[in-house]
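Trainee: Requesting a structural model of the entry that follows:
(2 chains)
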Amino acid sequence: MNAVQQPATTTFDPLRHRVDFPLLARRIHGKPLVYFDNANTAQKPQSVIAAVDRYYREYNANVARAVHTLGEEATSAYEAARDKLAKFINAASRDEIVLTSGTTQAINTVAYSFALPRLKPGDEILVTTMEHHANIVPWQLVCERTGAKLKVAPITPAGELIVERFIELLTPSVKLAAVVHVSNVLGTVNPVRELARVCRARGIPLLVDGSQAAPHLPIDVQALGCDFYTLTGHKLFGPTGTGMLWARREWLESMPPFFGGGEMIRTVSFEKTTFADPPHKFEAGTPNIAGFIGLGAALDYVETIGRERIAAYERGLLGYATVALKSVPGLRVFGEAKDKAAVISFLIDGIHAHDLATLLDQEGVAVRSGHHCAHPLMQFFGVPATARASLAFYNTRDEIDRFVEAIARVRKLLG
Amino acid sequence: MTAAALYTQIVLEHQRAPRNFGVLEAHSHAADGTNPLCGDALRIELVCCEGRIERMHFHGEACAIAVATASMLSELAVGKSLADVARMETAFARLVDGSVAHDALLAHLNAMQALSRYPTRRKCALLAFATLRAALAGTASATTEGNG
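Mentor: Have a look, this model is predicted:
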């Protein structure tokens, strides 16, 4: 008899979950696939694929307008995704969830409906060096139109935000701050709660880009205390073309829509149109119904596993991968934040990231190479590109071993 | 390592020991080429006489495919005119997109035919051609974006 029985929840067996992802069984160039490009897009579990398939087979109809049975079923399944998202991030109300095509559309909605009407010449928007282009370019566009300026809070060589500098830069001219929750390149987890607290004390709204945080960490927007939170569905094991903007209700009510059309109106005449209440005011046109039904299934799937358990498992995996990679001669890791998600950017002396990625693909290993939509961050590190391995809960230590062995073979070939 | 048909011995050999790599002080033509999608940068310097390339040097930081292509091209370009280079570039574009399997005009560059199976890497090889064309045309810079 065993003296101690471990409760089932303390052990995390990735292989149990891995079988839920049909694509992971593929072989690439005759080798078992090692999919380490999860920060680019994650694979989809069978339940997501089945949910999308079932919608098209059994109840395809438009939402929020058809009174027939199919329309009711479609609307109910589509709107359930909003409820699930609200629960996923602990929003105070489902009406604070605007369904978007992804984070890019979510940030653009804030740029055009929130920032553009408010900004004046001389105003400033504060971002950080580690932002994705999606959290840089929309602000530059509204700055150009308003005469406002973009200001950048610096990071340390380890890839951590210099919080004191961020706070110093929160001058009265700053009308909005926008910060990534988890860096897609460095894996750095920013101290968003602390940043939100200082922003709030100064009356500066804070937007948090949660694209890379959502697949890795539990998220509670009320505890974080930010004003806007965005995420993208396809990195969260859901379909592409899905995402979310969460905003405090008072902001959503004060923001004019910037996309007009069907679905977002209350009454329309040629003299005057009145808009629907938030969130529908920001959701013009027929949405990605199948996509959001799939995203709902993805959220159910993640919740079944449990985000605390995912985060704990990935911490172990990241530690294992970091040690393994550092054993490779000439390998440099970019981003060594104390609080870090399972994303590792790296370069190997004398090997270009693209050559490495192409040759690793020959070994069945999928990693990303390039600038990761973060040119300013590449400039900060003085490199044109990096290779990046980004992990998910379905990845295993065995895959990391195969990845490191494949790197050794590439080094031999190109060395 | 198996199946890495792109990284053949000849490609790796040109990458490890690129020909005509370095600065050509007394050049008559030069251009800087960049591939903004991956950050690769090559500078090509030429000595031309009576419309023909007498020497081609290159340097910069780029992936193995870009370096090997530039290295092979630096040997092949000697004695060629602008029209010859244009013909070679057309032939090379057809080689790497898989339209042809081989072209005698391209000599060692035929090793890049494997790029027909790596569409995302084609621009790496086209950088050297785009930069050479810019240098010959008297344009100071070239990019793989917008040049097809």
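Trainee: what about the closest residue to chain A within chain B, how many neighbours?
Mentor: Scanning chain B for proximity to chain A using Cβ to the nearest Cβ identifies residue B:39 as nearest, at 2.3 Å. Every residue, glycine included, has its C-beta placed from N, CA and C. By the other Cβ atoms under 10 Å in any protein chain shown criterion, the neighbourhood of residue B:39 contains 22 residues.
Trainee: can you pull out the strands in the stretch 101-250 of chain A?
Mentor: A:124-128, A:149-153, A:174-180, A:206-209, A:228-232, A:243-247 (DSSP state E, counting those that start in this stretch).
Trainee: With distance to chain B as added columns, please give the ones you listed in JSON lines.
Mentor: What follows is the strands of the stretch 101-250 of chain A, written out as JSON lines (distance: least, Cβ to the nearest Cβ, whole Å):
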{"stretch": "strand A:124-128", "distance to chain B": "21"}
{"stretch": "strand A:149-153", "distance to chain B": "20"}
{"stretch": "strand A:174-180", "distance to chain B": "21"}
{"stretch": "strand A:206-209", "distance to chain B": "23"}
{"stretch": "strand A:228-232", "distance to chain B": "22"}
{"stretch": "strand A:243-247", "distance to chain B": "24"}
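Trainee: Among these, which comes closest to residue B:91?
Mentor: Go through those one by one with Cβ to Cβ and the one that ends up closest to residue B:91 is strand A:228-232, at 42.8 Å.
Trainee: Which elements pack onto the closest one?
Mentor: Here strand A:228-232 is seen to pack against helix A:103-109, strand A:206-209, strand A:243-247 when contacts are counted using 3 or more Cβ pairs under 8 Å, 6 or more residues apart in numbering or on different chains; DSSP states H and E.
Trainee: can you rerun that using 10 Å?
Mentor: strand A:97-100, helix A:103-109, strand A:174-180, strand A:206-209, strand A:243-247 (3 or more Cβ pairs under 10 Å, 6 or more residues apart in numbering or on different chains; DSSP states H and E).
Trainee: from those, which stretch is densest packed?
Mentor: When you average the neighbours per residue for each of the helices and strands packed on strand A:228-232 (mean count of other Cβ atoms under 10 Å in any protein chain shown), strand A:243-247 leads with a mean of 29.
Trainee: quick one on the thing from earlier: mean pLDDT for the helices and strands packed on strand A:228-232 - can I get that in JSON lines?
Mentor: Supplementary listing: these in JSON lines, determined by pLDDT from 0 to 100:
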{"stretch": "strand A:97-100", "mean pLDDT": "98"}
{"stretch": "helix A:103-109", "mean pLDDT": "97"}
{"stretch": "strand A:174-180", "mean pLDDT": "98"}
{"stretch": "strand A:206-209", "mean pLDDT": "98"}
{"stretch": "strand A:243-247", "mean pLDDT": "98"}
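Trainee: Out of these, flag the one nearest residue A:316.
Mentor: Comparing those under Cβ to Cβ, the one sitting nearest is strand A:174-180, at 23.9 Å.
Trainee: What strands line up against the closest one, and which way round?
Mentor: For strand A:174-180, the pairing partners within the sheet under DSSP bridges are strand A:124-128 (parallel), strand A:206-209 (parallel).
Trainee: As a markdown table, the ones you listed with distance to residue A:256 would be great.
Mentor: What follows is the strands paired with strand A:174-180, written out as a markdown table (distance: least, Cβ to Cβ, whole Å):
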| stretch | distance to residue A:256 |
| --- | --- |
| strand A:124-128 | 19 |
| strand A:206-209 | 18 |
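Trainee: Could I get the full set of strands for the stretch 301-415 of chain A?
Mentor: If DSSP E, counting those that start in this stretch is used as the criterion, the strands of the stretch 301-415 of chain A fall at A:331-334, A:343-348, A:365-366, A:368-370, A:386-390.
Trainee: between these, which one is nearest to chain B?
Mentor: The minimum distance between chain B and those falls on strand A:368-370, with 5.7 Å, by Cβ to the nearest Cβ.
Trainee: partner strands of that closest one, parallel or antiparallel?
Mentor: Taking DSSP bridges, the sheet neighbours of strand A:368-370 turn out to be strand A:386-390 (antiparallel).
Trainee: As JSON lines, the helices and strands packed on strand A:228-232 with distance to residue A:196 would be great.
Mentor: Shown next, in JSON lines, are the helices and strands packed on strand A:228-232 (distance: least, Cβ to Cβ, whole Å):
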{"stretch": "strand A:97-100", "distance to residue A:196": "19"}
{"stretch": "helix A:103-109", "distance to residue A:196": "17"}
{"stretch": "strand A:174-180", "distance to residue A:196": "9"}
{"stretch": "strand A:206-209", "distance to residue A:196": "5"}
{"stretch": "strand A:243-247", "distance to residue A:196": "13"}
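Trainee: among those, which is nearest residue B:51?
Mentor: Closest approach to residue B:51 among those is made by helix A:103-109 (49.4 Å; Cβ to Cβ).
Trainee: How far away from the center of its chain is that closest one?
Mentor: A distance of 12 Å separates the C-alpha centroid of helix A:103-109 from that of its chain, computed with Cα atoms, centre = their mean, to the nearest Å.
Trainee: circling back to that earlier point, can you tell me which of the strands of the stretch 301-415 of chain A the model trusts least?
Mentor: Comparing mean pLDDT across the strands of the stretch 301-415 of chain A, the lowest value falls on strand A:368-370: a mean of 92.
Trainee: what residues does that strand touch?
Mentor: Here strand A:368-370 makes contact (Cβ atoms under 10 Å, 6 or more residues apart in numbering or on different chains) with A:36-40, A:184-185, A:345, A:347, A:352-358, A:360-361, A:378, A:384-390, B:37-39, B:63, B:120.
Trainee: Buried subset of the residues you listed, written for PyMOL?
Mentor: When burial is assessed using 16 or more other Cβ atoms under 10 Å in any protein chain shown, the buried subset of those is captured in PyMOL by this command:
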select buried, (chain A and resi 36+37+38+39+40+184+185+345+347+352+353+354+355+356+357+358+360+361+378+384+385+386+387+388+389+390) or (chain B and resi 37+38+39+63)
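Trainee: which residues touch the spatially closest residue to residue A:116 that is not a sequence neighbour?
Mentor: On the basis of Cβ to Cβ, 6 or more residues apart in numbering or on different chains, the spatially nearest residue to residue A:116 that is not a chain neighbour turns out to be residue A:142, at 4.9 Å. Under the criterion of Cβ under 10 Å, 6+ apart, the contact list for residue A:142 reads A:108, A:110-112, A:114-119, A:125, A:148, A:150, A:176.
Trainee: Max pairwise distance over those: which two?
Mentor: By the measure Cβ to Cβ, A:117 and A:150 form the most distant pair in the contacts of residue A:142, at 17.8 Å.
Trainee: So if I had to pick from the two, which one is more boxed in?
Mentor: Neighbours were counted for residue A:117 and for residue A:150 using other Cβ under 10 Å; residue A:150 has more, 16 against 13.
Trainee: which ones are touching that one?
Mentor: Contacts of residue A:150 by Cβ under 10 Å, 6+ apart are A:124, A:125, A:126, A:127, A:136, A:137, A:139, A:140, A:142, A:143, A:144, A:178.
Trainee: Could you list the single helix or strand in chain B with the lowest mean pLDDT?
Mentor: Taking all helices and strands of chain B together, the one with the lowest average confidence (mean pLDDT, DSSP states H and E) is strand B:141-143, at a mean of 80.
Trainee: chain center to that one, what's the gap?
Mentor: The chain centre lies 13 Å from the centre of strand B:141-143; the measure is Cα atoms, centre = their mean.
Trainee: And the residue in chain A that chain B sits nearest to, what's its pLDDT?
Mentor: Each residue of chain A has a distance to chain B, by Cβ to the nearest Cβ, and the smallest belongs to residue A:384, at 2.3 Å. At residue A:384, the model reports a pLDDT of 85.
Trainee: which residues touch the closest residue to residue A:120 other than its chain neighbours?
Mentor: Computed as Cβ to Cβ, 6+ apart, the closest residue to residue A:120 that is not its neighbour in sequence is residue A:146, at 6.6 Å. Residue A:146 sits next to A:115, A:116, A:117, A:118, A:119, A:120, A:121, A:122, A:123, A:125, A:175 when contact means Cβ under 10 Å, 6+ apart.
Trainee: How about residue B:36?
Mentor: For residue B:36, the contact set (Cβ under 10 Å, 6+ apart) comprises A:371, A:375, A:384, B:123, B:143, B:144, B:145, B:146.
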